[in-house]
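Asker: below is the sequence, then the predicted model.
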Amino acid sequence: MIAANYRKSPQAMALQLVLPFGRPVWQLPRPTTRVLRAIRAARGVAFKLAGFIAYPTKPTTPQWFKDAARKARALAASVKAALLPLALNDTKADAAEEAEAEELKTAKGYRRHQLTLRRMWREQAATKAAAMPPAVYVFSTH
């Protein structure tokens with residue numbers, strides 16, 4: 001298989017890294033002699049000329065995208081400022097919480113543990129809901 005690849009593209013033979021079947025002289029961890037340094041330098045030049053050395057480039061963000069993101073943030077801020085908090089009367093939930101609080105005062109053992117966990121989960125859910133950012137919708141002008 002390897003020989004077939006070399007027949008198809010013979011220039012790959014010169015640029016191919018040495019397979020780790022043995023420990024050739026030019027595969028030492030550090031070039032310790034002038035000859036080894038020359039071999040490594042020649043190999044680096046060959047790779048560079050062939051274009052196999054590619055340095056990563058950071059992609060740039062287009063200006064139109066930055067402008068759109070800035071406008072979206074401004075819209076989100078204005079919508080958030082314009083929203084009024086809604087106080088909904090949920091008397092059934094309030095009554096159930098009051099009954100649970102009264103029961104918690106007298107409950108013992110596992111029932112007290114259940115009521116404590118319920119209260120803790122309810123408080124965590126309220127905290128997470130308050131910490132979630134509001135949804136922002138960006139409409140196209142096309």
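Answerer: Good, I have the coordinates. Residues are numbered from 1 along each chain as shown.

Asker: give me the element residue 53 is part of.
Answerer: According to DSSP states H and E, residue 53 maps onto no helix or strand at all.

Asker: residues near it, how many?
Answerer: The number of residues packed near residue 53 is 9, by other C-beta atoms under 10 Å. From N, CA and C alone the C-beta is placed, and that goes for glycine too.

Asker: pretty sure it sits against residue 47.
Answerer: Yes. Residue 53 is in contact with residue 47 according to C-beta atoms under 8 Å; the separation is 5.3 Å.

Asker: in contact with residue 107, which residues?
Answerer: residue 115 (C-beta atoms under 8 Å, 6 or more residues apart in numbering).

Asker: domain-wise, how is this protein divided?
Answerer: What automatic domain parsing lists as the domains of the chain is 8-50, 99-131.

Asker: ranking those by mean pLDDT, which is last?
Answerer: Of all these, domain 8-50 carries the lowest average pLDDT, namely a mean of 71.

Asker: what is the end-to-end distance of that domain?
Answerer: Using C-alpha to C-alpha, to the nearest Å, the end-to-end distance of domain 8-50 comes out at 17 Å.

Asker: kindly export the helix or strand containing residue 81 (C-alpha atoms) in CSV.
Answerer: Here residue 81 is covered by helix 63-82, with elements defined by DSSP H and E. What follows is helix 63-82, C-alpha atoms only, in CSV (Å, rounded to 0.1, in the frame of the first residue of the first chain):
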residue,chain,number,x,y,z
GLN,A,63,-17.7,44.4,10.5
TRP,A,64,-21.4,43.9,9.4
PHE,A,65,-21.6,41.1,12.0
LYS,A,66,-20.1,43.3,14.8
ASP,A,67,-22.6,46.0,13.9
ALA,A,68,-25.5,43.6,13.9
ALA,A,69,-24.5,42.2,17.3
ARG,A,70,-24.1,45.7,18.8
LYS,A,71,-27.6,46.6,17.5
ALA,A,72,-29.0,43.3,18.9
ARG,A,73,-27.5,44.0,22.3
ALA,A,74,-29.0,47.6,22.3
LEU,A,75,-32.4,46.2,21.3
ALA,A,76,-32.3,43.6,24.1
ALA,A,77,-31.3,46.3,26.6
SER,A,78,-34.2,48.5,25.5
VAL,A,79,-36.7,45.7,25.6
LYS,A,80,-35.5,44.6,29.0
ALA,A,81,-35.8,48.1,30.3
ALA,A,82,-39.3,48.4,28.8
